[in-house]
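*Asks:* Sharing a model that was predicted from the sequence below.
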Amino acid sequence: MSEQSFQTLGEFIIDKQEDFMYSTGELSRLLSAIRLASKVVNREVNKAGIANIIGKVGSENIQGEEQQKLDVLANEIFIEALSQREVVCGIASEENDDYIEVKCGSNAHLSKYVVLIDPLDGSSNIDVNVSVGTIFSIYRRVTEPGSPVGIEDFLQKGVNQAAAGYVVYGSSTMIVYTTGNGVNGFTLDPSLGTYYLSHANMEFPKTGKIYSINEGNYIKFPQGVKNYIKYCQREEDDRPYTSRYIGSLVSDFHRNMIKGGIYIYPSTSQSPNGKLRLLYECNPMAFLAEQAGGKCTNGFERIMEIEPTELHQRVPFFCGNREMVEKAEEFMAAAAEN
Ligand SMILES: O=P(O)(O)OC[C@H]1O[C@](O)(COP(=O)(O)O)[C@@H](O)[C@@H]1O
Ligand SMILES: [Mg+2]
Ligand SMILES: [Mg+2]
């Protein structure tokens with residue numbers, strides 16, 4: 001089938017507008033702004049080695065992480081694309097200490113959407129040409145359109161997300177997103193600069209055989225996680241499972257959603273809340289996982305039911321095939337009893 005017979009992302013966004021009774025097209029324009037920004041970032045990622053955008057900028061973000069040049073560049077590209085189109089009234093990003101109130105353009109403050117982004121996910125892989133990503137989460141504001149944006153517009157439970165998704169900049173570049181009606185994936189044809197629907201109605205396969213965790217931290221893991229890893233490695237039934245860990249959440253999640261698996265970033269003795277950020281990493285991946293028939297918890301409770309208290313708060317993260325996450329939870333509960 002030649003590409004012109006595939007549905008484009010632009011066509012899909014318009015078609016799906018009908019899913020929303022009183023749609024104003026605002027969410028469609030917002031998704032289109034993300035589509036555009038992802039193409040610009042894709043171009044930069046592809047030529048990173050020759051465009052002097054490899055390496056560190058020499059500054060740290062609020063989480064004390066050294067910022068990579070591509071972290072900062074991707075952040076600027078997404079913020080500009082979103083704020084120039086009056087489609088959002090506020091933006092929060094991993095690379096910005098505080099949220100940004102979008103003022104440019106006369107009507108931005110009238111927009112009913114806020115966006116939370118991880119502009120470049122998997123930063124440790126940028127310099128070594130391993131796939132990285134972008135993660136986004138979209139909410140309707142809780143404050144009145146026209147009034148100043150407030151932190152409460154961002155500190156919403158994941159269950160309130162209007163849409164969420166990621167871009168994976170890998171051997172091919174894809175956008176995968178949901179608006180609560182299933183998960184769809186689109187592949188970029190760089191020669192035309194067009195995304196095509198290549199993965200309709202994505203779902204976790206019934207069973208999974210892959211576990212993804214940074215075993216280098218094994219000694220610091222909770223006993224429940226150590227026991228689950230041993231369970232995955234035991235030679236019985238359909239095990240041992242295969243260990244796969246890219247070190248980019250987007251890429252590890254994408255592979256596990258297609259092949260079947262579980263990704264875990266647990267608490268450690270050093271960081272009791274693990275590493276991943278609730279609002280712009282865990283909630284969007286949880287929305288996608290649940291829409292694809294999977295499950296996502298902090299080892300005990302549903303990620304999307306966690307009440308956020310801070311913009312950059314971290315949570316332990318267990319995400320993937322439903323039965324694999326439930327098995328991991330069994331080990332966490334059993335260890336918690338001891
Ligand atoms: O190197 P570690 O500790 O295993 O952490 C890897 C994890 O950290 C992350 O890189 C954090 O995301 P950022 O790169 O956006 O900060 C995830 O993508 C990845 O899964
Ligand atoms: Mg990240
Ligand atoms: Mg990041």
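*Replies:* Received the coordinates, thanks. Numbering: from 1, shown residues only. Ligands and ions are numbered 1, 2, ... in the order given.
*Asks:* I'd like to know how many residues surround Asn217.
*Replies:* A count of nearby residues for Asn217, using other CB atoms under 10 Å, gives 16. C-beta coordinates here come from the backbone N, C-alpha and C atoms, glycine included.
*Asks:* Then the one 4 residues further on?
*Replies:* Here the number of neighbours of Phe221 (other CB under 10 Å) works out to 20.
*Asks:* contacting residues for it?
*Replies:* If a contact means CB atoms under 8 Å, 6 or more residues apart in numbering, then Phe221 has Ile229, Pro266, Thr268 as its contacts.
*Asks:* among those, which are in helices?
*Replies:* Among the contacts of Phe221, the members falling in helices (DSSP state H) are Ile229.
*Asks:* who wins for neighbours among the contacts of Phe221?
*Replies:* In terms of neighbour count, Pro266 stands highest of those at 25 neighbours, by other CB under 10 Å.
*Asks:* my read: that residue touches Gly299, true?
*Replies:* Yes. Using CB atoms under 8 Å, Pro266 makes contact with Gly299 at a distance of 6.7 Å.
*Asks:* Now the common contact residues for these two.
*Replies:* Pro222, Val225, Pro316, Phe318.
*Asks:* Tell me which of those residues fall in helices.
*Replies:* Per DSSP H, those map to helices at Val225.
*Asks:* Give me the below-cutoff pLDDT ranges for the stretch 101-250 of the chain.
*Replies:* Scanning the stretch 101-250 of the chain for pLDDT under 70 picks out 104-109.
*Asks:* which ones are touching the residue positioned nearest the centre of the chain?
*Replies:* With distances taken as CA atoms, centre = their mean, the residue of the chain nearest its centroid is Ile135 (3.6 Å). By CB under 8 Å, 6+ apart, the residues touching Ile135 are Ile117, Asp118, Asp121, Gly165, Tyr166, Leu249, Val250, Tyr280, Glu281, Pro284, Met285.
*Asks:* out of these, which touch ligand 3?
*Replies:* Subset of those in contact with ligand 3: Asp118, Asp121, counting by CB under 5 Å from the ion.
*Asks:* Close to ligand 1: what parts of the stretch 151-300 of the chain are there?
*Replies:* Counting by CB under 6 Å from any ligand atom, the positions of the stretch 151-300 of the chain adjacent to ligand 1 are Asn214, Gly247, Ser248, Leu249, Lys275.
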